[in-house]
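Asker: Show me the folded form of this:
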Amino acid sequence: MTDLTLAATIVGLGLADALNPFSIAAMALVLSLKRPLLLGVIFLGATYLVYLSAGIVIVSGWGEALKRLAPLVPKLVGSILISLLGLMHIGYAIWHWIAFKPADTNPKVSIKQTSAWGVAAFAILSTLSDLPTALPYVSAIYLIENSGFSYSLAIVWLALYCFLYVSPLVILLLVRQSGTAMIDQLFDKINKGVVWCAHNLIPPLAACFGLFLGWFAWAS
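Answerer: Below you'll find the predicted structure:
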């Protein structure tokens with residue numbers, strides 16, 4: 001593979017990875033909050049740093065080291081940890097169904113007050129949850145690792161890739177800052193839609209995922 005072909009492939013993978021509906025929806029939610037510029041920059045920066053850090057960890061060989069250590073962990077311990085994770089998901093669903101009142105489904109409900117620390121934590125967790133399915137990123141890292149690049153040049157390529165990944169978030173931030181009434185209405189609708197999904201879709205999905213983890217732990 002020539003250098004030009006390699007560069008085009010990495011850029012293409014980055015642009016494909018950028019079309020991530022979950023990160024885009026999360027950014028749209030953040031931009032519907034008060035102080036959209038500050039919180040949007042925090043979400044954007046945290047997402048970028050987490051994605052870049054994950055790539056650096058893999059390129060540095062730490063990922064391979066963790067793979068080698070995994071077989072040393074007793075099977076029972078792994079099953080217990082997976083079971084606990086499943087119980088956490090089921091517990092969240094049960095808590096939500098008990099604590100959430102039907103009156104809260106009023107369409108006027110929205111999330112407007114969120115701290116900068118809360119947005120940063122949201123960005124970190126949402127990005128980490130996306131990593132296991134980031135096939136374009138894994139492919140790009142594989143190409144970078146096997147390209148013969150020096151370590152510093154590999155980090156530069158990772159930084160470029162991660163910038164491409166967050167480019168739709170940058171565009172959303174710029175659009176939000178245009179400040180037109182139509183844009184404000186659009187982001188307000190997005191905010192209410194995400195709140196509705198959080199109340200009506202996420203708890204049953206969490207319960208199903210928790211049951212799946214319990215089954216997986218038992219089967220393994």
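
Asker: residue closest to the middle of this structure?
Answerer: T127 (2.5 Å; Cα atoms, centre = their mean).

Asker: Not counting sequence-adjacent ones, nearest residue to it?
Answerer: Among residues not flanking T127 along the chain, V50 sits closest, at 4.2 Å (Cβ to Cβ, 6 or more residues apart in numbering). Any C-beta I mention is one placed from the backbone N, CA and C, and that applies to glycine too.

Asker: what does the host helix or strand of that neighbour rub up against?
Answerer: Using DSSP states H and E, the element containing V50 is helix 36-59. Applying Cβ atoms under 8 Å, 6 or more residues apart in numbering, the contact partners of helix 36-59 are 23, 26-27, 30-31, 33, 63, 114, 116, 119-120, 122-124, 126-128, 131, 137, 141, 144-145, 151, 154-155, 158-159, 161-163, 165-166, 169-170, 172-173, 176-177, 187.

Asker: can you rerun that using 7 Å?
Answerer: The contact list for helix 36-59 (Cβ atoms under 7 Å, 6 or more residues apart in numbering) reads 23, 27, 30-31, 33, 63, 114, 116, 119-120, 123-124, 127-128, 131, 137, 141, 144-145, 154-155, 158-159, 162, 165-166, 169-170, 173, 176-177.

Asker: Make a PyMOL selection of the buried ones in these.
Answerer: In PyMOL syntax, the buried subset of those is picked out as below (16 or more other Cβ atoms under 10 Å):
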select buried, resi 23+27+30+31+33+119+120+123+124+127+137+141+144+154+155+158+162+165+166+169+173+176
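
Asker: how would you label the residue nearest to the centre of the chain: helix, strand or coil?
Answerer: Of the three states, T127 takes helix under DSSP: H, G, I helix; E, B strand; the rest coil.

Asker: and the helix or strand where W95 lies, which residues are buried?
Answerer: Using DSSP H and E, W95 maps to helix 75-99. Neighbour counts over helix 75-99 (16+ other Cβ under 10 Å) mark S79, I82, S83, L85, G86, H89, I90, A93, H96 as buried.

Asker: Kindly report the same for stretch 135-148.
Answerer: P136, Y137, V138, A140, I141, L143, I144.

Asker: now, which of those lie within helices?
Answerer: P136, Y137, V138, A140, I141, L143, I144 (DSSP state H).

Asker: Relative to F212, how far out is the residue lying closest to the second one once chain neighbours are set aside?
Answerer: Right, Y137. Spatial nearest neighbour of Y137, excluding adjacent residues (Cβ to Cβ, 6+ apart): D17 at 5.6 Å. Distance, D17 to F212, using Cβ to Cβ, to the nearest Å: 26 Å.

Asker: if you count what's nearby, which of these two comes out ahead?
Answerer: Using other Cβ atoms under 10 Å as the criterion, D17 and F212 rank with D17 on top: 22 against 13.

Asker: Correct me if wrong: that one contacts A134.
Answerer: Yes: using Cβ atoms under 7 Å as the test, D17 is close enough to A134 to be in contact (6.4 Å).

Asker: quick one, phi/psi of L33?
Answerer: phi -80, psi 170 (degrees, to the nearest 10).

Asker: By mean pLDDT, point me to the weakest helix or strand of the protein.
Answerer: helix 62-69 (a mean of 63; mean pLDDT, DSSP states H and E).

Asker: shaky segments in the chain?
Answerer: 1, 62-76, 78, 99-114, 179-180, 191, 194-195, 198, 220 (pLDDT under 70).
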